[in-house]
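Asker: Could you work out the structure for the sequence below:
(2 chains)
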Amino acid sequence: MFYREAGQFRTSYHADQRIFPIRQDRLAMGALLLVAFVGVPLFGNEYLFSALLIPWLILSLATLGLNILTGYAGQLSLGTAGFMAVGGFAAFNFQLRTPQIPLLVNFILSGLCAAAVGTAFGLPSLRIKGLYLAVATLASQFFIEWLFTRFGWFSDHSSSGVITAQKMVIAGIGVDTPVRRYVFVLSIVSVLALAAKNLVRSRAGRAWMAVRDMDVAAEVIGIPMLRTKLSAFAVSSFYCGVAGALWVFAYLGSVEPQAFDLDRSFQILTMVIIGGMGSVLGSFLGAGFIILLPLLLQSTMQRVFGNALRPGLEPNIEQFVFGALIIFFLIVEPLGLARLWSVAKEKLRLWPFPH
Amino acid sequence: MQRPIQTASCALVALAFALPAMAQGTASVPNEQFIPVVSYRVGPYAAAGTSVFGGFIDYLNLVNLRDGGINGVKITFEECETSYTVDKGVPCYEKLKNHPPTGASMFTFYSTAISYAVLDRAGVDHVPQVTIVHGRTDASDGSVFPYIFPLVTNYWSADTDIIKFIGMRLGGMDKLKGKKIVHLYLDVAYGKEPNEIFMKQAAMYGFEGKLIPVPPPGTDQQSQWLEIREFAPDYVVVTGYGVMNPAMLKAAARANYPRDHIIGNFWTGSEEDTVPAGEAAVNYISALVNPAGTDFKVVQDIEKYLYAKGLGNMTDKSRIGSVLYNRGIMTGIISVEAIRTAQGKYGKKPLTGEQVRWGLENLNLDDKRIAELGATGLIQPLKVSCSDHEGGGAVKFQQWDGKKWKIISDWIQPDRKLVRDMVEASAAKYAKEKGITPRDCTKGG
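Answerer: Predicted structure coming up:
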């Protein structure tokens, strides 16, 4: 009833090529951004920022990075956390050794470092595919973790290998309160998400999808394999690198290399699968599912049972419920939460008179 | 007929994301002191977590039931499951730090990763963190880390204790000259902590030191023990955790290395480490910060007041009195005594984290007070100050006889000067990186 596009005519190429062709979508997106940038900072509390939104946004960014590589370009990777680590450690070292570089430039440079490393580890993708490629990228995960643990230079010779982020200052304003950190993270994530959304609709994105759907056919119609595959690795690693830098600077502050271990790579891959391969929205939904749902379950369980259960039972039940929910959603919609969302939109268009 | 399910699941997703995951419904009664219990009862470290936090909770309940709280102020606590992960640990911290009536007294995570993750938040939120025998070693310098309390002992002190103990076994520190000692460690932040001080002592005492890392989780140590066999050291010092420890003992047995020449640190010496190794663990020696056993009056009180009435926290009663359970009691004693100390200054009422911080900093547990608490031998005397956030530093040594741990030494004091110099240098570097101006501790806190 409210969500229908009847009467909205696209009369120019410009109108036809918009990210959100339907007016209601544009309004909803505008409202969402308004709430996120103005409403939440005004009314949110510290718990919301520091425990929920910041980690969710950062991991959404990393998921988006992997989604570009796996969802759009079809290259399976298990090195995500490694590339995040490159970004995090690079940002720390830039800040330490060249403090005159502005923070935002520093983050871009860190992303580029991660992109360079990602491209190098993407080289095997020219020869091998699928699960074999996943195993090859696994090597990058272990190599990077080993590198940062073994060589003290990367952590400024801290005895335990732990790095501590310097203070964040942008144009003289200290990004030190939870609200400011949230707005900072939100801005970066919004810009990069918008860039990603446009990138996948561009020539590069279409080349990635062609390679994903059938690489032989793509090569036959003249898409260069080398450039396409490596650019997917580079862009993906750039996103992961920026996410890693944010993880160190905006979320934790003190980080050991083990914060970016293989578990994190698997977690992000799970987010991509749950959220939906090849979907920008899915990256956010998937990260939300994995990061926020367990916390929601925890507080719900606590409200329902209080201290009635014997100690240790409650967290175990949580794990059961969480596991069951993953299976439930994968059975109902193997294509991910983003697909559920588009099904919901289709239904809304016809509501209340489905034919 | 996919549609109804899809509609339902759409609704479910919408609900899940719409519901804000916050708000705490617990009603607060004024005269209560809140202590958060951020525990881990699921995941790979669940066995350790249930013991440590079981002991901690039992002691808090004992103080409530036996003494009616701390000077009449009842202790309340809320548990929050971290699963030993940062992803859940940070939300737990954020959720509980402002708990009514006066906020969290202090946090004890027993997880190095989570301690690091919230290290910087402690000073901002004015909530102290007690990192008993874990966490950042250089935080012992209270002038740079006013809110962090690595009490009892730290990795560096313990390492000097171990070298001292080896010297005693050899018959004097001068006998260390020309000997060979290996440091076998889990290759993570925790395991690497003692490396620097270990090599410094090698230079000081003239023994040949060798560092051998074990990649985590440490189940496979074949090549490491091959290396040890070639090197033929007189002693092997081990910094391990979890599954690495029994694997280490089994590998040592296969390599035919005498077990009484292997000395573990205090996370490498619990029943969970030796029992799975079976015969291979016999005669193995480790440092301890608190002994196992149920002979202490405080443990007997817990059994009398709690378990006899079915109020105890442990479901597996055979683990009462284990090393890790007693470490939980020790944590409880330190937490409660710090609050009691702070009450001496601020009055017998619920205190804020900032006030408890003063209590921790002025904590003075002498032998007399420890005896009153019924914990003689369970805990070492502690005297904390503005600059020294470690307090004790001593460890004892124990040997596994196949069934239980036998204590084979008295409290051995660390090389305070050496440790302190390194702590101060490292803390000063941290202060410089972070732009912190250290407090002047000569003025009194």
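Asker: Show me where chain B has its strands.
Answerer: B:32-39, B:74-81, B:129-130, B:148-149, B:180-186, B:208-214, B:235-239, B:262-264, B:285-288, B:364-365, B:382-383, B:396-400, B:405-407 (DSSP state E).
Asker: can you check the stretch 151-300 of chain A too?
Answerer: Taking DSSP state E, counting those that start in this stretch as the criterion, the stretch 151-300 of chain A contains strands spanning A:163-164, A:169-170, A:173-174, A:254-255.
Asker: do you know which of these lies nearest chain B?
Answerer: In terms of Cβ to the nearest Cβ, the element of these nearest to chain B is strand A:254-255, at 4.4 Å. Glycine gets a C-beta too; all of them are placed from N, C-alpha and C.
Asker: any low-confidence regions in chain B?
Answerer: B:1-30, B:443-445 (pLDDT under 70).
Asker: Domains in it, by residue range?
Answerer: Per automatic domain parsing, the domain ranges recorded for chain B read B:32-153+B:293-383, B:155-288+B:397-414.
Asker: Looking at these, spot the one closest to residue A:335.
Answerer: Minimum separation from residue A:335 across the domains of chain B (Cβ to Cβ) falls at domain B:32-153+B:293-383, 25.8 Å.
Asker: Ends of that closest one, what's the gap?
Answerer: Chord length of domain B:32-153+B:293-383, first to last residue, is 27 Å (Cα to Cα, to the nearest Å).
Asker: is it up against chain A anywhere?
Answerer: Yes. Domain B:32-153+B:293-383 reaches chain A (Cβ under 8 Å from any Cβ of the partner chain) through B:41-42, B:46, B:50, B:54, B:57, B:79-81, B:83, B:86-88, B:90-91, B:93-95, B:98, B:112-113, B:116-117, B:119-121, B:136-138, B:313, B:315.
Asker: Mark which of those residues are buried, thanks.
Answerer: Buried residues within the residues of domain B:32-153+B:293-383 next to chain A, defined by neighbour count using 16 or more other Cβ atoms under 10 Å in any protein chain shown: B:41-42, B:46, B:50, B:54, B:57, B:79-81, B:83, B:86-88, B:90-91, B:93-95, B:98, B:112-113, B:116-117, B:119-121, B:136-138, B:313.
Asker: These in helices, which ones?
Answerer: Those of those mapping onto helices are B:46, B:50, B:54, B:57, B:86-88, B:90-91, B:93-95, B:112-113, B:116-117, B:119-121, per DSSP state H.
Asker: What distance do you get for residue B:282 to residue B:245?
Answerer: Computed as Cβ to Cβ, to the nearest Å, the residue B:282 to residue B:245 distance reads 15 Å.
Asker: what about these two, which has more around it?
Answerer: residue B:245 (26 against 17; other Cβ atoms under 10 Å in any protein chain shown).
Asker: what sits against the spatially closest residue to that one that is not a sequence neighbour?
Answerer: Nearest non-adjacent residue to residue B:245, counting by Cβ to Cβ, 6 or more residues apart in numbering or on different chains: residue B:273, 3.7 Å away. For residue B:273, the contact set (Cβ atoms under 8 Å, 6 or more residues apart in numbering or on different chains) comprises B:240, B:245, B:246, B:249, B:264, B:281, B:286.
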